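> Need coordinates for the below:
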Amino acid sequence: MSDTDAMHPDREMLADAPPRNSWQQWIAVAGLVYLLICAVGLIGSGFKSATGDQAEELFAFATNPFAGLVVGTVATALIQSSSTVTSIIVGLVAGGLPVAVAVPMVMGANIGTSITNTIVSLGHVREKKEFARAFSAATVHDFFNLLSVVIFLPLEIAFGLLEKIGKALAAPFYGGADASMDGFNFVKAATAPVTKAISGPILSLGDVAGGVLLILVGIAMIFLAINFIGKLLKLLMVGRAREIMHTAIGRGPVAGIASGTLVTCLVQSSSTTTSLMVPLAGSGAFGLKQIYPFTLGANIGTCLTALLAATAVTGNSEAALQIAFIHLTYNVLGVLVIYGLPFLRFLPVRAAEWLGRTAAEQKSIALAYILGVFFVIPALCLGITALL
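Residues are numbered from 1 along each chain as shown. Down below sits the predicted model:
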């Protein structure tokens with residue numbers, strides 16, 4: 001802190017305080033969330049119109065679960081937003097994409113979102129010890145997500161574990177005439193006029209052409225909505241989120257996981273949440289074992305977007321809600337199993353520490369890791385899968 005800041009201790013607090021016209025920005029956030037939900041509904045309508053009953057044939061290449069995993073990983077790494085990718089997946093499922101095909105894509109989205117904080121850690125590359133700590137803090141999220149896939153993808157392939165749990169969680173909302181969500185879904189009723197007004201003229205171009213165009217319009221709307229929601233929530237909440245993070249980190253795993261979940265719900269971006277802690281780790285303010293639970297909470301908090309998106313889709317609404325619950329279940333079970341079992345708990349930490357030390361000694365390894373894990377290896381796997 002400079003001498004000037006020391007003379008004015010409230011300056012830092014003012015910097016993190018929400019702007020005076022924050023109520024207008026909260027209204028804008030609400031409007032953008034409404035736009036996001038409408039956009040997911042448009043994707044579902046467009047996909048259903050464009051594919052008819054052929055959705056499964058269209059995604060035949062992804063019926064191999066490893067191909068679906070790669071699609072989710074690469075798409076999220078390129079877009080750098082798991083919220084965007086999972087929202088698109090929810091829309092596709094509503095339009096007819098089989099849930100079994102979508103489950104590995106959701107798993108891949110978890111892996112792909114880790115690239116942002118890994119790139120952020122490169123800002124510490126000039127100081128060897130600092131970079132080792134920062135790169136370890138960034139990649140512990142990667143290793144946790146990879147370990148989750150190693151555990152749960154085989155269980156999903158063998159038993160359909162997540163698909164069954166997601167269906168059971170969605171059933172109370174769609175389990176019968178008395179339980180049907182359609183009877184009280186005010187969100188769907190509120191978005192219907194907008195989705196019909198947009199989809200009507202576009203679908204008049206023809207089932208296939210109109211459906212494809214509607215999907216593109218929906219994806220563009222999701223990009224815009226999530227981008228601006230992220231910017232507004234960062235402006236409104238990052239100061240408070242940082243306070244929550246500083247308060248909770250180091251006070252035990254439960255507090256860390258809970259704060260990671262809460263902060264991610266507040267800023268609607270797990271990438272932002274996990275990136276906030278990288279400089280703290282690099283500076284040595286917190287150790288990797290203190291920060292680790294916070295990253296696990298970020299995985300859970302990011303599920304809120306897909307759950308919101310599933311509330312108002314047209315088409316196969318039950319399947320859309322099912323995949324949203326699968327996303328939540330997968331992340332919660334990942335925390336319970338990996339962090340709950342002592343012999344698994346710190347495997348991601350030890351792997352990240354080793355990689356951080358290695359990358360600090362040879363900087364090229366950091367670049368090779370990012371390109372290899374998020375792009376080269378997935379592309380090779382997808383190519384091999386296509387040939388088989």
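> dump the residue contacts of Leu155.
By CB atoms under 8 Å, 6 or more residues apart in numbering, the contact set of Leu155 is Leu161, Leu162. C-beta coordinates here come from the backbone N, C-alpha and C atoms, glycine included.
> So it, which state does it fall into?
helix (DSSP: H, G, I helix; E, B strand; the rest coil).
> can you give me the helices in the stretch 201-350 of the chain?
207-248, 253-267, 270-283, 288-301, 304-309, 317-334, 340, 342-345, 347-361 (DSSP state H, counting those that start in this stretch).
> Low-confidence stretches in the stretch 101-250 of the chain?
Applying pLDDT under 70 to the stretch 101-250 of the chain flags residues 174-189, 230, 233-234, 236-250.
> these two touch, right, Gly356 and Phe135?
Yes. Judged on CB atoms under 8 Å, Gly356 makes contact with Phe135 at a distance of 4.4 Å.
> quick one: which of the two has more around it?
Set side by side, Gly356 and Phe135 show more neighbours around Phe135, with 31 against 25, by other CB atoms under 10 Å.
> so who does that one touch?
Counting by CB under 8 Å, 6+ apart, Phe135 has contacts Thr118, Ser121, Leu122, His124, Ala352, Leu355, Gly356, Ala359, Ala360, Ala366.
> ditto for Pro279
Taking CB under 8 Å, 6+ apart as the test, what Pro279 contacts is Val120, Gly123, His124, Ala134.
> ok, now how distant is it from Ala137?
Look at Pro279 and Ala137: by CB to CB, to the nearest Å, they are 9 Å apart.
> Just the buried residues of the host helix or strand of Thr76, please?
Using DSSP states H and E, Thr76 sits within helix 65-79. With burial defined by 16 or more other CB atoms under 10 Å, the residues of helix 65-79 counted as buried are 65-77, 79.
> From these, which one has the minimum pLDDT?
pLDDT across those is lowest for Ile79, at 75.
> Quick check: closest non-adjacent residue to that residue.
Val85 (6.1 Å; CB to CB, 6 or more residues apart in numbering).
> Isn't the one you found up against Gly72?
Yes. Using CB under 8 Å, Val85 is in contact with Gly72, at 6.5 Å.
> overlap in contacts of the two?
Common neighbours of Val85 and Gly72, using CB under 8 Å, 6+ apart, are Met105, Ala109, Gly112.
> on that earlier part again, please report which of the contacts of Phe135 has the highest neighbour count.
Neighbours here mean other CB under 10 Å. Within these, the largest count is held by Ser121, at 28 neighbours.
> Now do the contacts for it.
Ser121 makes contacts with Phe131, Ala134, Phe135, Ala137, Ala138, Thr139, Val278, Gly282, Ala366, as judged by CB under 8 Å, 6+ apart.
> among those, who's most crowded?
Ala137 (34 neighbours).
> Just give me how far the host helix or strand of it sits from the chain centre.
Using DSSP H and E, Ala137 sits in helix 128-159. Mean-position distance between helix 128-159 and its chain equals 15 Å (CA atoms, centre = their mean, to the nearest Å).
> got the buried residues for that helix?
So, applying 16+ other CB under 10 Å, buried residues of helix 128-159: 130-149, 151-153, 156.
> What's the first helix or strand after it?
Next along from helix 128-159, by DSSP H and E: helix 161-174.
> Who are the packing partners of that next one?
With contacts taken as 3 or more CB pairs under 8 Å, 6 or more residues apart in numbering; DSSP states H and E, helix 161-174 sits against helix 99-112, helix 128-159, helix 317-334.
> So which bits of it are buried?
For helix 161-174, by 16+ other CB under 10 Å, it's Leu161, Leu162, Glu163, Ile165, Gly166, Lys167, Leu169, Ala170, Phe173, Tyr174.
> List the contacts of the third one.
By that I understand Glu163. By CB under 8 Å, 6+ apart, the residues touching Glu163 are Val99, Ala100, Val103, Glu156, Gln322, Ile326.
> show me what contacts the second one?
In this structure, Ala100 makes contact with Thr63, Gly160, Glu163, judged by CB under 8 Å, 6+ apart.
> of these, closest to Val373?
Thr63 (24.2 Å; CB to CB).
> Name the nearest residue to the closest one, ignoring sequence neighbours.
Distance criterion CB to CB, 6+ apart; nearest residue to Thr63, sequence neighbours excluded, is Val101 at 5.8 Å.
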